[in-house]
Structures are given as structure tokens and as C-alpha cells.
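**Q** Structure for this input, please:
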Amino acid sequence: MQTQILYEDQDILVIRKPAGLAAQTARVDRPDVESELKNYLAPSASPFLVHRLDQPVEGLMAVGKNRKAAASLSAQLNRTDGRGKLVKRYYCVFYKNTSAQEGQLWDFLYREPGNRAAARDADTEGDGDAEGKASAKAASLSYRIVQETGVPLPADGAAIPGIIFPIRLALAVVTTDTGRFHQIRAQMAHAGMPLLGDQKYGNDVSLRLSSALGIRNVALCAYSLEFAHPVSHKTLRFQITPQGKAFSYFSF
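**A** The predicted model follows:
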């Protein structure tokens, strides 16, 4: 089983999903978190995925083992008053081409063909796409750079156009105020800070740099998870160290 179980009791699981494993998939010939947990729990319980991570993203997930526990976790995830809320924090890595050390991003996101999120600025009326205007939802996140590092590139790395030397990578902590499809990846890319290893939202520079550094998965990790246990109401906190190549340039 690729899914790693970090905590388990009669009501919930906390798991670590590796990069490359889908949370759910309709394909019977490919493993996913849901199928692995179904096999693990059967026949005594069934997994209820409260939230998901994109297939190329690693990190923590909370899973209910019954409907009541899952409903409690879902309610915490959707709370907006900050009390009793399920809180997720992410690490991400991008090529630093800005002097800003922190910021908040506000956009409207909607899905485009090809299972891709499109972003438009919150202070615009839209981009002419009627379907996009109709389905766009507000998205907000905050980021804070916690480490920066210089990275030596392979000999052919100097030929990468658009890179400002010396090469600087930034490790940022991201928290989301909303839970939109591909939100962090789409918003960071829209702000000119595409995550390394992101084939879907990367630009020419980030893709070339990712290739030169051998980064193949999205440099995004759900490293921290905090919530109230659905039965005992005790606050539970979990934290992991990212394992992806992009994170190996930083200390944890």
C-alpha cells in the first residue's frame, strides 16, 4: 500500500498521500488512496475522504471511517469563523523573481476544458469567456516565504532564457481561505510564481528550470493538518517533512 497511515482510531484516519498517487480515480487498473483504504478497512469500515490532494501533490489528508465522523470533519473544513476549523498548511517552492516576502492573492477561478483552472483578477469583470464568467468563484490565499536558497544549475542551465542570476529558490508557507479546484497552483501561477514541477500551470521559465533540476512532481506539500476530533473534540495536530526533490534544497 502506497498510502501511509499516520494515525488511526475507531472514527478517523490521518494519512500521508505520496506524490503521484491519485486520491480517487475511475480507472480500475490504477491504484488510488480511496481503493487502498477500502481494502485496508474492509469489511469493518469504509473510508470517507473529507478533502483531496491533486495526484502530483504529496501531503496529509483526514479520512472519516464512518459518515458521522466525516460529516464533522467536513463541517470543520467549511467553517469560516475560524473556530473549530480544519486548518491545512502547505509548503511550496518556486523560482523567486520578486522582492515580496509575503502576500495575499485574491482571484476568481473557474474550470477550463482539459481539467484546468483559469484565474482572473478579483477587480476585473471577466475575460470574455461567458462560461467562465458564469462559473467563476472567489479564491483567496496567503503566502509567506520562510526560506530562500541559491541553487547551482547543471552546466547547460545557463542557457535557460528568462532566468535572473544568481538562481534563487523560495520556500513558502501557504494557507487558503477558500477550497477551490487547483487553487494554490492556479493562483500562484497567475501571480507570476508558478510552482516548480507543475506541468499544467508552469510557464516556460519554471518548466525549463524544473527540467534542469530534475523536479518531476509539483513542488507542493500539505505538510500540516489541525482539527478537532469528531468525537472527543480534542485538538489534533499533525506535521510531516516534504519528500519531493524541490524541497531537498531547504532545511526542515
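**Q** how about low-confidence regions in the chain?
**A** 26, 80-84, 122-134, 153-159, 162, 164-165 (pLDDT under 70).
**Q** Helices along that one, start to end?
**A** Counting by DSSP state H, the chain has helices at residues 33-41, 67-78, 130-135, 183-190, 204-213.
**Q** Go through those helices and pick out the most buried.
**A** helix 183-190 (a mean of 23; mean count of other CB atoms under 10 Å). For every residue, glycine as well, the C-beta is placed using N, CA and C.
**Q** so what does it touch, helix or strand wise?
**A** Secondary-structure packing of helix 183-190 (3 or more CB pairs under 8 Å, 6 or more residues apart in numbering; DSSP states H and E): strand 87-95, strand 102-112, strand 116-121, strand 137-150, strand 168-176.
**Q** Let me know which of the ones you listed is the nearest to V205.
**A** strand 87-95 (6.7 Å; CB to CB).
**Q** tell me which residues of the closest one are tucked away?
**A** Buried residues in strand 87-95, defined by neighbour count with 16 or more other CB atoms under 10 Å: K88, R89, Y90, Y91, C92, V93, F94, Y95.
**Q** Can you check which of the helices of the chain gets nearest to K234?
**A** helix 67-78 (12.6 Å).
**Q** Residues contacting that closest one, please?
**A** If you take CB atoms under 8 Å, 6 or more residues apart in numbering as the criterion, helix 67-78 is touched by 11-12, 48, 50-51, 62-64, 84-86, 179, 227-228, 230-231.
**Q** Just the ones of those in strands?
**A** Of those, the ones assigned to strands by DSSP state E are I12, F48, A62, V63, G64, F227, A228.
**Q** now for those residues, which pair is the farthest apart?
**A** Spanning the widest gap among the ones in strands among the contacts of helix 67-78 are F48 and A228, at 16.8 Å by CB to CB.
**Q** Show me which of those two is the more surrounded one.
**A** Comparing F48 with A228 by other CB atoms under 10 Å, the one with more neighbours is F48, at 21 against 17.
**Q** surely L195 meets R185?
**A** Yes - with contacts counted by CB atoms under 8 Å, L195 reaches R185, the gap being 6.0 Å.
**Q** what touches both of these two?
**A** Y201, V218, L220.
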